[in-house]
Every structure is written in structure tokens, then in C-alpha cells.
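Colleague: When you get a sec, could you give me coordinates for this:
(4 chains)
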4 protein chains.
Amino acid sequence: MSQDIIDLLRSRGVEVKEIAEIVRELQRPYSPTLTILECMEAVESVIRKREVQYAIMTGIALDVLAEQKKLPYPLQEIIEKDEPLYGMDEVLAFGITNMYGTIGITNFGFLDKQKRGIIGQLNANKKNHVNTFLDDLVAAIAAAASAKIAHQCRKLSR
Amino acid sequence: MSQDIIDLLRSRGVEVKEIAEIVRELQRPYSPTLTILECMEAVESVIRKREVQYAIMTGIALDVLAEQKKLPYPLQEIIEKDEPLYGMDEVLAFGITNMYGTIGITNFGFLDKQKRGIIGQLNANKKNHVNTFLDDLVAAIAAAASAKIAHQCRKLSR
Amino acid sequence: MSQDIIDLLRSRGVEVKEIAEIVRELQRPYSPTLTILECMEAVESVIRKREVQYAIMTGIALDVLAEQKKLPYPLQEIIEKDEPLYGMDEVLAFGITNMYGTIGITNFGFLDKQKRGIIGQLNANKKNHVNTFLDDLVAAIAAAASAKIAHQCRKLSR
Amino acid sequence: MSQDIIDLLRSRGVEVKEIAEIVRELQRPYSPTLTILECMEAVESVIRKREVQYAIMTGIALDVLAEQKKLPYPLQEIIEKDEPLYGMDEVLAFGITNMYGTIGITNFGFLDKQKRGIIGQLNANKKNHVNTFLDDLVAAIAAAASAKIAHQCRKLSR
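Modeller: Numbering: from 1, shown residues only, chains lettered A, B, ... in the order given. Just a heads-up that it's a prediction; the model follows:
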């Protein structure tokens, strides 16, 4: 199933490597020698978790249904416009980060505000696509992978 | 918007009064004189919160889309069959209960396992309807309203 | 460090096997052939997680300090009397269960209300001991171990 | 009790106004006309919540006990040195922010990494004081007050 999720992310314009780049940037202050390959492995290990896969599938389905104008009113407008107080995109994302302890959650909060790398691109690309859930899911995967590395390295990680 | 949410719940077979009955049963050991009217007020106050309304709208939209077979594979099957390890129904529900402190979360866990009153009926009525999200949302609203009453009563509540 | 935590729990009257018995009871409906040994392994795997160990150490330290009357007023009284709206005991417990997904959290809510086995004994033994944090920690470890087994078994688990 | 909590924070070097300044800085992009008085009111409303008060009391008690070398080994060292993977300081903080919805949690993650204003000072002032819990509690109060204002303003807030 992992490969299906990787394909699903790719179909929405997100590569594992792009998520791994956020992870490396986030962890660099604590692990200067961390390679992009190690970060990709951490991202893939996050994606292997079943609840992570379900969160990704559910969030992307809602984005796609919003693009196809298939959601009921007023949810259609709320998700289409990425209404700032909607919050369910973050709620699904916490379903991912919670499983990686407190570092996962604080990393997510930081990425969500900073909109780094691919997350910022997804958030900006609102012309042709609805990425209301996707940008938060990507931030959550990156935050979780960073937390995983932080715990492995037993190093400063916040 | 509160009335829209009450109407939406009713369209799925759930009355505010039925949720209030779960609240009263849950709080009776601590507040024996609690009336159904007070419980209905607590339920309605929960439903007035914007993030609660968004969680309800999103969950019910997914249930309805699953009934209409409009979700992508394999999410369609997972939600249709209420796959026990799916978890996103509980994740949305925590989006509601989290805002009512720890009592909200423990009450939810209890109701989710006990399937009392309307929650059990929703869970059982799987022939013609998909209620994968709805039963957890109702449990979450009842848990939140109970927590609200518990905090107001400053009484034993767990 | 795992052994230190097991010793710490034992010094407060809790054996791994007693936690494992709650796990088996909780999972029996879904995994009838589950052995007490498998449950003990699941409990020990939970206890090997660093954030779990920190939660246990912190909660037990607060219980012991309350027994020794070393906490500042009014916290001393609140923890000593297990004030029902205190909530920080559950907050630490969620630090454990969150890492095991939604099943961990709902299981905890259920155990917290049911007070099964050793949890009920700890909760009842208020004469000579302060177990305000300990009963919730034990419930959280049992809930987490059950969630772990549920995910492994891919079976009905709520 | 609110005044007791304000006094307790002051005894540890934190004024309501300093927390309010973080709130104003955080909300300025969305509410440019927000006054420091409105931010102080939001901070005080957060501090009036009972579970918030309990989190503050518990965290500060652990900081003070660590300063007095009264915690058991190895918790004494872990809290004294603000061991980065400890995480219970963030867990208590989530007990505060959770009640203010997703914006509260993401704001906290951001502040926790940025260490703005008084939070950075607390984090830096490690010579004579243990502020392991306090800096996270202050970040959590500021994050919660910001979320409250964001919801009131119905404006962009992330």
C-alpha cells in the first residue's frame, strides 16, 4: 500500500524527495551530516504507518472532490477557499503527528506557519488546484519524519 | 449556522434530544437532578462552536459521499465498511472533544466503546446508511456537552 | 532504562503482568487466543519508548511528593485528594496514548471510566498512598499495548 | 484563583503584559489595530480556565522542585538540564492549547521553535533558574490567547 500512497502524493505534485528536503532543513541544526537519503528513508517509514496512509487518502479525497465541485454547500466553498478557521485539515494532520510525540506536533506547528519548500508552493498554487488538506498533510509527514530522526539521534531537536 | 447543523444532524436521523439523553445518562451519577433541558442546552452550546460545526459537516459529507459511492478507491470501501482501523472518524471527533479538556476525551473513549443510545443505533444501522463518521461525531458532541456540565457543576465527573 | 521503569512501577505496587491482564481482557473479544505472554511483550514494548518512560517518571514523582507533603499549596491538596477536575494526570496519560493512534486514546477513555483490575485497586487504595497519576499511567500503558496488538492483528479492536 | 496564578507567574519572572506582547506580535499580521489591552484581556481569559491554572501550577511546581534539587533521580537531572527529548513540558502545554482548537496548537509549535520575547529570555536564563516547564507554559498561554482573538476576529490567523 505504501507505493499507492507515494503514487497518490505524486499525482498531486508531491515527491518523497521534496518532503525529505524539508526534513533535512529542519534537522540540519541538530544533525549537520544528515543525508537526503536518510531523510527519504524516514519519510517512507512514516508513510508505511496505516493511520498515516488513511489520513493522506482522506485529505486528498476531500481536496479532489472540492476541485470537482462535488462537496455539499457550504463545505464546498470552505475547502475550496481554504477558509483559515476551518481547522479540519490540521485535525487530520495531528492524526499523523500525534503518533510521533511532542516533537512531531511542535515541528508541525512551525512548518504550518513557515510554509517552507513544497508546502509553500502547494499553498500558493491555488489557481488550478485545491490543496487545502495536502499542504498540511505534507507538513505533518515532514514533522513526523523529523521527530523520528530526532529520537534516533538523541540530539537537540527543537 | 447552528440551525443548519441541527438540520443536518436531523437529516441523518439524529435529534439534539437524543444526544442530550446520552449526556444525562453520563452525568447522572454526579448530577442526579440534571434535567433533559439543561442537557439540550449544553449540546446546543457545543454545536455553536465553529470548529465543532466544521467537524460535523466534514464527517457527514464523507458518510453521504460513501453512500453515493462517490469516493475514490480504496477509501470508498474503507468508509463504507467502517473498517475498524481507519481511525479518521475518531480523529475528527477528537477535534471536537479536545476543546473540552480531558473529561471530554475520556468521556468520548467510554461512549465510543459502549455505543449507548442513539450511538449504538447509528452504529447498528449499517444496512441502508453509512454512519462511519456520524456515530463518532454524536459520541464526541455528547462527551463535550458532558464535560461542559461537569466543569459547571464542579462535581465528581469521571 | 526499561528495567528501571519496571522497578519503579513495582515499587508503587504495579507489576507488568497486572497491566498485561488488563490488555488481555480488553483485546479478548477481538483476539480470543491472545496469551498473557504476548500481552506482557506488548506492555514491555510500550515501556521501552522514551516519552512513555518520562511520563511514568514524572507522574510517579508527583504522587510520591504528594505523599511526602512536599508540593506547594494548593497543588498538594489537589493531587492528594485526586480532585476530579484536575486533569493533569490524564494529560500526562495522553502523552502516552497519543503515540498509539486513535485506538490508544479510546481504549484509555474506556479504562479510565471502568477502572478495571489493578487500575481500580490503585484508585481505591487512597488510604496510605497517593495514586492520582499512577492509575491513569497504568490505564494509558494498557491502552497503548492494546492498540499495538490491535494494529498487529488487523482485527476488530474498538 | 486567577489572581493567585498571575502572582505565581510573576514570582517566576513573567508578567501578563509580556505574554500579551507575544500575542500582539503573533496576531498583528491579521489584526493590525489590536491593542495591548485587548491582548491582556485575552491572556487573562485564558488564565481563568481551571485546567489552564492546573497546568501552570503543576509545571511551575516541577521547575521549583528541580531548583531545590528535590526531585528523584534521574528526573532531577532531566528537568534541571531541560533535556530536549523530555517532552512532558510540551505535553502539559498541549493541555492548555488543545482547548483552543487547531490554531492554538499550531501557534504553540511556532512559538516553541521561535522562542520570542519573554519565552526566549526564560529559555536563556538557565543560570540561576529552572524554567523547563515555564517557557512552554508561557508559549501555550500566548498561543491560546492568540487563537481566542483569531476566532473572535474571524480573520486570517495562521
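Colleague: How about chain A: which residue is closest to chain D?
Modeller: Per CB to the nearest CB, A:Gly109 is where chain A lies closest to chain D, at 1.5 Å. Every residue, glycine included, has its C-beta placed from N, CA and C.
Colleague: Please name the residues that touch the nearest residue to A:Leu8 once chain neighbours are set aside.
Modeller: Counting by CB to CB, 6 or more residues apart in numbering or on different chains, A:Ile60 is the residue found nearest to A:Leu8 once chain neighbours are left out, at 6.0 Å. Counting by CB atoms under 8 Å, 6 or more residues apart in numbering or on different chains, A:Ile60 makes contact with A:Leu8, A:Leu9, A:Arg12, A:Phe133, A:Leu134, A:Leu137.
Colleague: What's the first helix or strand after the worst-scoring helix or strand of chain A on mean pLDDT?
Modeller: Sorting the helices and strands of chain A by mean pLDDT, DSSP states H and E puts helix A:117-124 at the bottom, at a mean of 86. Under the assignment DSSP states H and E, the closest C-terminal helix or strand after helix A:117-124 is helix A:134-153.
Colleague: Next one: that next one, is it in contact with chain B?
Modeller: No. Against chain B, helix A:134-153 shows no contacts by CB under 8 Å from any CB of the partner chain, the least distance being 11.6 Å.
Colleague: if you average pLDDT over that helix, what comes out?
Modeller: For helix A:134-153, mean pLDDT is 95.
Colleague: where does A:Glu83 fall, phi/psi-wise?
Modeller: Here is the backbone geometry of A:Glu83 (degrees, to the nearest 10): phi -50, psi 120.
Colleague: swap in A:Lys115?
Modeller: Phi and psi for A:Lys115, reported as degrees, to the nearest 10, are phi 50, psi 50.
Colleague: which bits of chain A sit near chain B?
Modeller: Selection of chain A residues close to chain B by CB under 8 Å from any CB yields A:50-51, A:54-55, A:57-58, A:61-62, A:64-65, A:70-72, A:74-75, A:78, A:85-88, A:91-92, A:94-95.
Colleague: Can you turn the buried part of the residues you listed into a ChimeraX selection?
Modeller: Buried residues within these, by 16 or more other CB atoms under 10 Å in any protein chain shown, are selected in ChimeraX with:
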select /A:51,54,55,57,58,61,62,64,65,71,75,78,85,86,87,88,91,92,94,95
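Colleague: Give the full set of residues in contact with the closest residue to A:Thr106 other than its chain neighbours.
Modeller: Leaving aside its sequence neighbours, A:Thr106 sits nearest to D:Gly109 (CB to CB, 6+ apart; 4.2 Å). By CB under 8 Å, 6+ apart, the residues touching D:Gly109 are A:Ile105, A:Thr106, A:Asn107, A:Phe108, A:Gly109, A:Phe110, A:Asp112, A:Lys113.
Colleague: likewise A:Val16?
Modeller: The neighbourhood of A:Val16, defined by CB under 8 Å, 6+ apart, consists of A:Ile6, A:Leu9, A:Met40, A:Val43, A:Glu44, A:Ile47.
Colleague: ok, the closest residue to A:Leu26 other than its chain neighbours to chain C distance?
Modeller: Excluding the flanking residues, the one nearest A:Leu26 by CB to CB, 6+ apart is A:Ser146, at 4.7 Å. Separation of A:Ser146 from chain C (CB to the nearest CB, to the nearest Å): 15 Å.
Colleague: what's the distance between the closest residue to A:Gly117 other than its chain neighbours and A:Pro29?
Modeller: Nearest residue to A:Gly117, sequence neighbours excluded (CB to CB, 6+ apart): A:Ile22, at 4.9 Å. As for A:Ile22, its distance to A:Pro29 is 14 Å (criterion: CB to CB, to the nearest Å).
Colleague: contacting residues for the closest residue to A:Ser31 other than its chain neighbours?
Modeller: With CB to CB, 6+ apart as the criterion, A:Ser31 has its nearest non-adjacent residue at 5.3 Å, and that residue is A:Cys153. A:Cys153 makes contact with A:Gln27, A:Tyr30, A:Ser31 under the criterion CB under 8 Å, 6+ apart.
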